[in-house]
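> return atomic coordinates for the entry below.
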Amino acid sequence: MNTISAVTSELRRLGLGAAFAAAALLLAGCGQTWQDQPGYVTIGGDVAGLTGTVVLEDNAKDDLSLASNGTFTFPLQIANGAAYAVTVKTQPRNQVCSVAGATGNAQANVHSVHVTCASYVTVGGTITGLTGTVVLQINGGDTLATAANGSFTFPTSIAPGSAFAISVLTQPAGQNCIVTQGSGTTTTTAYTSAGVKCSSSTFVLRPLPAIYATGKAINYGPYRSTGGPPAGETICPQVTGAPTCLSDTELLQDLALLNSAGFNLIRLFGADAVGERIVSLAATHYPDMRFHLGAYLEGATSSCVDTLNTTNIATLIRIANQYPNIATVSVGNETSLAHNLPVACLASYIQTVRAQVAQPVTADDDISFYSGNSSIGEKPDTILPLIDFVSLHVYAFSGTAYWDWQQTAVGTLYPDRATAMMNASMVRTQALYDAAAGYLYRAASGSSTTIGASLPIVVGETGWKAALNNHWKPGNPIEVFSATAAAPVPVSPVNAKWFYDLSSVRTAWTGTPAWTPTTIFYFEAFDEPWKQTGRYDNNDDGWGLWDLSRTPRYALCGTYAGAPACSAPDAYVGAGYFH
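Residues are numbered from 1 along each chain as shown. Take a look at the predicted model:
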């Protein structure tokens, strides 16, 4: 009796059925006996392009170290029919290895896993017109200082398939250098196509776009959770570690509300993934909307070396050059007020940005800086020759200790007291503005030229809170009194409307006609709960024309179909005032 017959007879004797016998006969028909089926198989393949040592593993175990090209086999066999998954556990030095045919179910010995390794590549290009020393930077890290024209290469190579962006970290004395073809994704060969063109840094003022005279401007922060920037919300899909994310649907809802209310000039605070998504969505859905795009800057040493800052600057430059709806760019936000960045570093960043973008450039900062009254003694003189316009922030609300907001000489009945208080708030705001304008336009000491006479002025922020949440914080007596005094109180949606209406009249701002602000960005579009957390000792929410749920507040009454109706005949009935 042959082997198959013996097995079949034994299966029948054991009552295991005809199916097993049929399977055995199929094996015989293929010229293979039952005993010929292997119980275990090997996994292997080949390696190409390797110049160092790579460590592979199968099914997250069975490490195999390879230092040469050719075939390989994992030492540990697996059961016939079992799954395998080959991965790179450790990449070789200055190389990236990828695996093809990495997974499957082994029916026999496997020889079809292909590992291909590619070496890191260098990035560089050509410099022309250089007469001094320029410091270049790639991806906010590796730097290269050179005083020579001709080809250049960054000393550290990067992985193939990696994104890169070259920027100018330090401009040469008396020159501006502009980077062209300085960003992209590496392949398996060296990148040599970047251009750095240097020329005389003669400053030619860039005029503001017409929308700064005709548009309706507002500050916009999209953050809806207590996370906020920079450690909170990002765009969807959610990034690992981020507490929440912002969807396109939510961002488009905000843009639709802004558009409905007539806002077409939007100030964004961050040139980051969220800011870029907003700009991109607006370009598709609201092509007439324009943006005043800022880059966040943190504190830096006196050498002005800071990885986050240089990364944010490089991102600002890329976005500004990529999207035509970026009207202007702003380097930093209230860096002087925060006391976190020396003005010399700010000047260096401004030069770097302006040399590589076509838009007018500014630096948003507090009124104290632009009026030469910073508490740490910093003045704007250093940066005024480097910017195209001034964007200053001015709030009567936070300076109530310095003006008669209580108006005690006026009767206590509405509307006299409320009218006097709100008019006084605008007088205070405009007086602060005039102090800055006067500083910018007056003759510099010992000079026949003015410091900033040629620069237009923009009010980058002004506003009035509509909701109480900061009454404990020193320096905000309106909220202190509002939290303790009997109603009516001066922090209310009606008071916010009153200030919004007063501040929106650009030509009503006092001072020499030439000092009239080109535009006024109201602060702000939506409430942002991250400002209530005290993460930056802010506890400073409640400024929004819309609340967190995107419900319009009274300040927007009558402006679009979804806004509340204005009270008639007195739109300010119910305004609060101190008494």
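
> just checking, Ala148 touches Leu130?
Yes: using Cβ atoms under 8 Å, Ala148 is in contact with Leu130, at 7.2 Å. (C-beta placed from N, C-alpha, C; glycine too.)

> quick one, which of the two is more surrounded?
In this view Ala148 and Leu130 are compared by other Cβ atoms under 10 Å, and Leu130 has more residues nearby, 19 against 10.

> list the buried ones in the biggest helix by length in the chain?
In terms of residue count, the longest helix belonging to the chain (DSSP state H) is helix 416-441. By neighbour count, and taking 16 or more other Cβ atoms under 10 Å as the criterion, the buried residues in helix 416-441 are 417-422, 424-426, 428-437, 439-441.

> try stretch 143-155
Thr143, Leu144, Phe152, Phe154.

> the first one reaches Thr133, doesn't it?
The one in question is Thr143. No: taking Cβ under 8 Å as the definition, Thr143 is not a contact partner of Thr133, at 12.0 Å.

> before we move on, back to that, and the buried residues of stretch 143-155, which is closest to Ala396?
Minimum distance to Ala396 across the buried residues of stretch 143-155 is 44.7 Å, recorded for Thr143 (Cβ to Cβ).

> helices along the stretch 451-579 of the chain, start to end?
Under the criterion DSSP state H, counting those that start in this stretch, the stretch 451-579 of the chain contains helices at 477-484, 493-504.

> and the buried residues of stretch 143-155, which two are the farthest apart?
Counting by Cβ to Cβ, the most remote pair of these is Thr143 and Phe152, 11.7 Å apart.

> Gly215 against His292, yeah?
No: contact criterion Cβ under 8 Å: Gly215 and His292 do not qualify, at 10.1 Å.

> neighbour count winner among these two?
More neighbours surround His292 than the other of Gly215 and His292, with 29 against 20 (other Cβ under 10 Å).

> what bridges to the more buried one?
Beta bridges link His292 to Arg267, Thr328, judged by DSSP bridges.

> might you report the residue contacts of it?
Ala217, Leu265, Ile266, Arg267, Leu268, Ala327, Thr328, Val329, Ser330, Ser391, Gly460, Phe521 (Cβ atoms under 8 Å, 6 or more residues apart in numbering).

> that one and Leu246: what is the separation?
20 Å (Cβ to Cβ, to the nearest Å).

> same deal with Pro488?
Pro488 is 37 Å from Leu246, by Cβ to Cβ.

> next: Ala437.
Relative to Leu246, and taking Cβ to Cβ, Ala437 is found at 37 Å.

> got it, and Gln322?
Distance, Gln322 to Leu246, by Cβ to Cβ: 20 Å.

> of these two, who's got more company?
Between Gln322 and Leu246, counted using other Cβ under 10 Å, Leu246 has the larger neighbour count: 23 against 13.

> for the residue nearest to Gly399 when sequence neighbours are not counted, what are its contacts?
Ranked by Cβ to Cβ, 6 or more residues apart in numbering and with sequence neighbours excluded, the top spatial neighbour of Gly399 is Arg428, at 6.7 Å. By Cβ under 8 Å, 6+ apart, the contact list for Arg428 reads Ala396, Gly399, Tyr402, Trp403, Trp405.

> and for Pro324?
Pro324 neighbours (Cβ under 8 Å, 6+ apart): Ala283.

> common neighbours of Thr143 and Phe152, please.
Once Cβ under 8 Å, 6+ apart is applied, the residues that Thr143 and Phe152 both contact turn out to be Leu136.

> which residues does Gly161 contact?
Gly161 neighbours (Cβ under 8 Å, 6+ apart): Val96, Thr185, Thr186, Thr187.

> tell me how far the closest residue in space to the first one that isn't next to it in sequence lies from Gly140.
With Cβ to Cβ, 6+ apart as the measure, Ala159 is the residue that lies nearest to Val96, at 4.9 Å, once sequence neighbours are left out. Between Ala159 and Gly140 the computed distance is 16 Å (Cβ to Cβ).

> out of these two, which sits in the more crowded spot?
Gly140 (19 against 14).

> for that one, helix, strand, or coil?
coil (DSSP: H, G, I helix; E, B strand; the rest coil).

> what of Cys97?
strand.

> give me the pLDDT for it.
pLDDT recorded at Cys97 is 94.

> number of residues surrounding it?
For Cys97, using other Cβ under 10 Å, the count is 21.

> okay, it and Gly150: tell me how far apart.
34 Å.

> just Ser65 next, same as before
From Ser65 to Gly150 the distance is 42 Å (Cβ to Cβ).

> likewise for Thr42?
Taking Cβ to Cβ, one finds Thr42 at 54 Å from Gly150.

> now swap in Gln175 and tell me
16 Å.

> just Glu524 next, same as before
Counting by Cβ to Cβ, the gap from Glu524 to Gly150 is 49 Å.

> and if you look at Ile319?
30 Å.

> quick one: stretch 280-297 to chain centroid distance?
With Cα atoms, centre = their mean, to the nearest Å as the basis, stretch 280-297 stands 12 Å off its chain's centre.

> keeping just the C-alphas, turn that stretch into CSV.
Extracted in CSV, the C-alpha atoms of stretch 280-297 (Å, rounded to 0.1, in the frame of the first residue of the first chain):
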residue,chain,number,x,y,z
SER,A,280,-6.3,78.7,1.9
LEU,A,281,-10.0,78.2,2.6
ALA,A,282,-10.7,81.9,2.2
ALA,A,283,-8.8,81.9,-1.1
THR,A,284,-11.3,79.3,-2.4
HIS,A,285,-14.6,80.5,-0.8
TYR,A,286,-14.1,84.2,-0.2
PRO,A,287,-11.5,85.4,-2.9
ASP,A,288,-12.1,89.1,-2.1
MET,A,289,-11.0,88.7,1.6
ARG,A,290,-7.5,89.8,2.5
PHE,A,291,-5.3,89.1,5.4
HIS,A,292,-2.8,90.9,7.7
LEU,A,293,-0.7,87.9,8.6
GLY,A,294,1.5,87.9,11.7
ALA,A,295,4.3,85.6,13.0
TYR,A,296,4.5,84.8,16.7
LEU,A,297,7.9,85.6,18.3
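
> list the buried residues of that stretch.
280-283, 286, 289-297.

> what about the helices in the stretch 151-300 of the chain?
With DSSP H, counting those that start in this stretch as the criterion, the stretch 151-300 of the chain has helices spanning 211-214, 248-260, 273-285.

> quickly compare these and say which is most buried.
helix 273-285 (a mean of 18; mean count of other Cβ atoms under 10 Å).

> Trp543 contacts Asp527, doesn't it?
Yes: judged on Cβ under 8 Å, Trp543 makes contact with Asp527 at a distance of 7.2 Å.

> how does this protein divide into domains?
Domain assignment for the chain, taken from automatic domain parsing, gives 3-36, 41-119, 126-200, 215-556.

> could I get those domains as CSV with distance to Gly574?
Shown next, in CSV, are these (distance: least, Cβ to Cβ, whole Å):
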stretch, distance to Gly574
domain 3-36, 87
domain 41-119, 66
domain 126-200, 51
domain 215-556, 5
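
> out of the ones you listed, deepest packed?
It is domain 215-556: most buried of those by mean count of other Cβ under 10 Å, with a mean of 19.

> what's the average pLDDT for that one?
Across domain 215-556, the per-residue pLDDT values average to 86.

> pull the contacting residues for the most centrally placed residue in the chain.
Computing the C-alpha centroid of the chain and ranking residues by Cα atoms, centre = their mean puts Asp272 first, at 1.6 Å. Residues counted as contacts of Asp272 (Cβ under 8 Å, 6+ apart) are Pro229, Pro230, Tyr296, Asn312, Thr315.

> need those residues in a markdown table with distance to Thr551, can you?
A markdown table is the format used below for the contacts of Asp272 (distance: Cβ to Cβ, whole Å):
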| residue | distance to Thr551 |
| --- | --- |
| Pro229 | 23 |
| Pro230 | 27 |
| Tyr296 | 29 |
| Asn312 | 33 |
| Thr315 | 33 |
